[in-house]
Structure formats: structure tokens, C-alpha cells
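In: the following comprises the amino acid sequence and a computationally predicted model.
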Amino acid sequence: MKKIGIIIGLISLLSCQEEVQLDLGNVSKKPVIEAVWTNEVTENYVKISYTRDYFDTLANELVENASVSIIDNASGTLVDFMFEDELGYYTPLHGQTAIPGHSYTLKVIVDENEYTSEGLTQEPPILDSITYVFEEESFFSDEGYYLTVYGKIPFEEGNFYRLLLTKNDTLLNGRGDYFLFDDTFGTNVLDNGFELNGFAFEENDKVKLQLIRLNEDAYDYLNQFVSLLFNDGGLFSPPPENPESNIQAINGEDQVLGYFMTGSIISKTIKIEALESE
């Protein structure tokens with residue numbers, strides 16, 4: 001009798017389910033701005049595209065005729081950007097770069113709508129050296145060479161960082177490759193060696209490590225973006241939403257997505273070679 005009651009209860013629950021249709025299409029397109037401004041000329045770009053409908057399988061529409069510039073707030077120097085057809089984004093017209101310690105204002109005009117953002121290019125931390133060890137395959141990790149980064153963070157505030165790894169000229173940019181950290185657990189994270197346990201490399205791999213010191217709003221945006229990448233839409237996942245942009249609309253009614261990141265980059269490159277003890 002008890003089993004019959006349980007079965008009846010389950011049937012009752014199933015019969016109460018209602019299919020909900022979400023309206024995910026036919027939304028007005030919005031500009032998406034991805035702007036990076038650093039002390040490295042090859043890293044500076046502004047990419048502008050439009051959003052697309054949820055079920056649209058086409059690539060995002062690029063904006064090729066925008067007005068893009070960055071202003072040095074200290075000197076008033078204006079850096080104009082031009083669209084590069086082969087790259088699909090805007091680059092500084094004369095190869096200019098950010099100066100650590102200077103603040104900058106991004107200005108973008110798309111379809112008579114103006115968008116802006118401001119950020120400080122902070123001084124970089126110290127990156128001393130990179131070592132590596134070979135680890136056998138285990139339950140928790142793959143076989144390969146694992147890096148340890150040594151350096152120093154001499155700042156008492158503004159400690160928001162992103163670490164990027166490039167393997168054999170290919171940037172590791174999968175959802176599990178976003179490496180962000182702050183000073184939640186102190187500023188001595190590099191002093192005794194920061195182990196990059198999630199990245200296994202092979203002999204003869206060329207690895208370039210870049211460490212970028214970010215402004216807090218750009219750091220928050222990237223954190224939200226990573227959370228969105230790992231949102232599987234399951235029962236316990238929050239409703240997906242766009243990360244909070246640090247770019248504001250000056251005129252016009254169009255909402256803008258994306259972010260402006262300015263920061264100092266330090267980098268080191270190593271080649272993985274067989275260790276004598278192997």
C-alpha cells in the first residue's frame with residue numbers, strides 16, 4: 001500500500017509539469033566592445049561586433065566603420081585606431097602603447113551612439129623566473145611538465161591579475177584556461193613559487209607566460225564571463241546573464257556589452273627540455 005502511494009505521488013508530480021517556451025530570438029542587436037590597451041604593441045586592439053539572436057548560427061556581425069580612439073588623460077595625447085580587414089579588429093594607427101602609471105579614456109562611436117570607459121594602466125609586478133618538473137600521470141592530473149612561477153607582488157592594493165599561457169604560438173583560451181587571481185590570500189603568492197597545476201606540457205613545447213595587472217572592474221567582468229562559460233543550464237545553475245560591462249553609453253539609448261581592459265604586461269618564454277633525472 002505504501003508503494004502504491006509513492007507511485008501515485010510521482011504520477012501526480014509528473015502530471016503537474018508544464019513546458020515553458022522562452023522567447024530567445026528576435027532581440028534588437030547591441031554593440032559588443034572588447035578593448036585591450038597595454039604596454040605591449042602586439043596586444044592592443046579594439047574589436048566591435050553586434051549581438052545576434054540566440055538560435056542564429058551565423059558569426060557575429062563585425063562593425064568596421066566605427067570611430068575608435070584612446071586618450072591619455074595626463075597629456076591629452078589622442079591615439080586613433082584603424083580597422084584591419086585581415087585581423088577583424090581595430091589597432092593603433094601608429095603602433096602606440098600604454099604607459100604604466102597613466103590613466104586612459106576609451107571612446108567609441110557606433111551609428112552615432114557614443115560609448116566610453118576609463119582605466120589606469122598600473123605598474124606591473126615582478127616576474128623573476130619559471131621552473132618546471134615532470135609529473136607522472138595520476139588520478140588528479142595528466143602526465144607532463146608542470147610550471148612554477150617565481151616573482152614578487154610589491155603592491156598593497158589594486159592586486160587583480162590575469163595569467164595567460166601561449167603554447168607553441170597558440171594562446172590557451174578555453175574556458176578552463178582563464179587564470180584569474182587577487183590578493184585574497186595575501187601578496188606573497190609568487191614569493192615561494194606559484195604552481196600552475198592545471199596545465200601540463202610536453203618536451204620541446206615553447207611556453208610563453210604573460211601576467212597582466214588589471215583594474216578591478218575589468219577583473220570582475222572576466223570573473224563573471226568565466227562563470228558564464230561554466231554555466232551548464234542545469235537545475236542548480238543560475239539563469240545566464242551577460243557580465244556587467246565597464247563601458248558606458250554617453251548618448252543614444254543602445255545598451256552596450258563588453259569591457260575595456262588596460263594594464264601592464266610582463267612576460268617570459270621558456271622551452272621545455274628533458275630533465276637529467278628523467
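Out: Ah, there it is.
In: mind pulling up the pLDDT for residue 27?
Out: Taken from the predicted model, the pLDDT recorded for residue 27 is 65.
In: wait, a strand at residue 221?
Out: No. Counting by DSSP: H, G, I helix; E, B strand; the rest coil, residue 221 is located in no strand; its state is helix.
In: my guess is it meets residue 246, correct?
Out: Yes. Under the contact definition of Cβ atoms under 8 Å, residue 221 touches residue 246, with a separation of 6.1 Å. Any C-beta I mention is one placed from the backbone N, CA and C, and that applies to glycine too.
In: residues shared between the contacts of those two?
Out: residue 259 (Cβ atoms under 8 Å, 6 or more residues apart in numbering).
In: would you mark the buried spots in the longest strand seen in the chain?
Out: Ranked by residue count under DSSP state E, the longest strand found in the chain is strand 257-271. For strand 257-271, the neighbour count (16 or more other Cβ atoms under 10 Å) marks 257-266, 270 as buried.
In: for residue 153, state which of those is nearest.
Out: Distance from residue 153 was checked for each of these by Cβ to Cβ. The minimum falls on residue 266, at 11.5 Å.
In: show me what contacts the closest one?
Out: Taking Cβ under 8 Å, 6+ apart as the contact definition, residue 266 lies against 124-127, 210-211.
In: apply 6 Å and report the result again.
Out: Taking Cβ atoms under 6 Å, 6 or more residues apart in numbering as the contact definition, residue 266 lies against 124, 127, 211.
In: residue contacts, residue 246?
Out: Here residue 246 is in contact with 117, 217, 259-260 (criterion: Cβ under 6 Å, 6+ apart).
In: please repeat the previous calculation with a cut-off of 8 Å.
Out: Under the criterion of Cβ under 8 Å, 6+ apart, the contact partners of residue 246 comprise 117, 119, 215, 217-218, 221, 259-260.
In: next, count neighbours for the closest residue to it other than its chain neighbours.
Out: The shortest distance from residue 246 to any non-neighbouring residue, by Cβ to Cβ, 6 or more residues apart in numbering, is to residue 217 (3.9 Å). A count of neighbours around residue 217, defined by other Cβ atoms under 10 Å, yields 18.
In: ok, residue 217 to residue 117 distance?
Out: For residue 217, the distance to residue 117 equals 8 Å [Cβ to Cβ, to the nearest Å].
In: and for residue 79?
Out: Using Cβ to Cβ, one gets 14 Å for the distance from residue 79 to residue 117.
In: pick out whichever of those two has more residues nearby.
Out: Comparing residue 79 with residue 117 by other Cβ under 10 Å, the one with more neighbours is residue 117, at 25 against 20.
In: need the three-state assignment for residue 218.
Out: helix.
In: pLDDT below threshold where in this protein?
Out: By pLDDT under 70, the weakly predicted segments of the chain are 1-27, 53-57, 230-240, 252-254, 276-278.
In: all helices for it, in order.
Out: Assigned helices in the chain, in chain order: 2-15, 216-229 (criterion: DSSP state H).
In: quick one: contacts of the last one?
Out: If I follow you right, that is helix 216-229. With contact meaning Cβ under 8 Å, 6+ apart, helix 216-229 is reached by 119, 158, 160-162, 175, 178, 180, 182, 214, 240-246, 259-263.
In: from the residues you listed, keep the buried residues only.
Out: Applying 16+ other Cβ under 10 Å to those, the neighbour count classes 119, 160-162, 178, 180, 214, 243, 245-246, 259-263 as buried.
In: show me what residue 166 is bridged to.
Out: Beta-bridge pairing of residue 166 under DSSP bridges involves residue 171, residue 208.
In: identify the residues contacting it.
Out: Residues 172, 207-210 are the ones in contact with residue 166 under the rule Cβ under 8 Å, 6+ apart.
In: which among those count as buried?
Out: Among these, those scoring as buried are 207, 209-210 (criterion: 16+ other Cβ under 10 Å).
In: adding distance to residue 275, write those out as CSV.
Out: Formatted as CSV, those follow (distance: Cβ to Cβ, whole Å):
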residue, distance to residue 275
207, 15
209, 19
210, 25
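In: residue 107: which of those residues is nearest?
Out: Within these, the smallest distance to residue 107 is 26.4 Å, found for residue 210 (Cβ to Cβ).
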